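Q: quick one: sequence and predicted model below, then my questions.
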Amino acid sequence: AVIHINGNTEFAPYSTSGDGSLGSPYIIEKFLITNSSLILIKIENTDAYFILKNNILDGVTASYQAVFLDNVTNGQISNNTIKSVTHGINLQLSDSNFVYSNTISNSSRTVV
């Protein structure tokens with residue numbers, strides 16, 4: 001993955017603010033990621049609070065997934081622009097209640 005976060009302690013290099021608590025979630029924003037062969041953002045094995053927002057994720061020639069969450073709770077995915085991927089947002093063993101207002105285009109599946 002271009003950005004790979006595995007566990008609560010790996011947010012710091014990608015977060016612009018926050019400490020992972022309910023009142024101060026990690027903020028991952030304003031990334032421009034283009035790649036045709038990798039998962040663009042993979043977050044797994046975390047119960048930290050975070051918001052993934054205002055990013056542009058472009059799979060160029062149909063990268064497999066823009067955002068892949070595996071075993072994640074307390075994450076919010078909002079206001080991202082996602083294009084040219086097979087799966088826009090893929091949730092595995094993850095909470096889907098906080099996925100909203102994303103623009104997903106040129107993708108065969110939006111949220112799985």
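A: In hand now; what should we look at?
Q: and Pro13, how many residues sit next to it?
A: 7 (other Cβ atoms under 10 Å). Glycine gets a C-beta too; all of them are placed from N, C-alpha and C.
Q: dihedrals phi and psi, it?
A: Dihedral angles of Pro13 (phi, psi; degrees, to the nearest 10) stand at phi -60, psi -20.
Q: which of the residues in whichever strand or helix holds Ile27 are buried?
A: Assigned by DSSP states H and E, Ile27 belongs to strand 26-29. Residues of strand 26-29 classed as buried by neighbour count (16 or more other Cβ atoms under 10 Å): Tyr26, Ile27, Ile28.
Q: swap in stretch 92-107?
A: Buried, per 16+ other Cβ under 10 Å, within stretch 92-107: Ser94, Phe98, Val99, Asn102, Ile104, Ser107.
Q: now the helices for this protein?
A: Using DSSP state H, no helices are found in the chain.
Q: ranges for the strands of this protein?
A: 3-6, 26-29, 32-34, 41-46, 50-53, 56-72, 75-78, 81-92, 99-100, 103-105, 109-111 (DSSP state E).
Q: which neighbouring elements make contact with the fourth one?
A: Contacts of strand 41-46 with other secondary structure elements, assessed using 3 or more Cβ pairs under 8 Å, 6 or more residues apart in numbering; DSSP states H and E, are made with strand 3-6, strand 50-53, strand 56-72.
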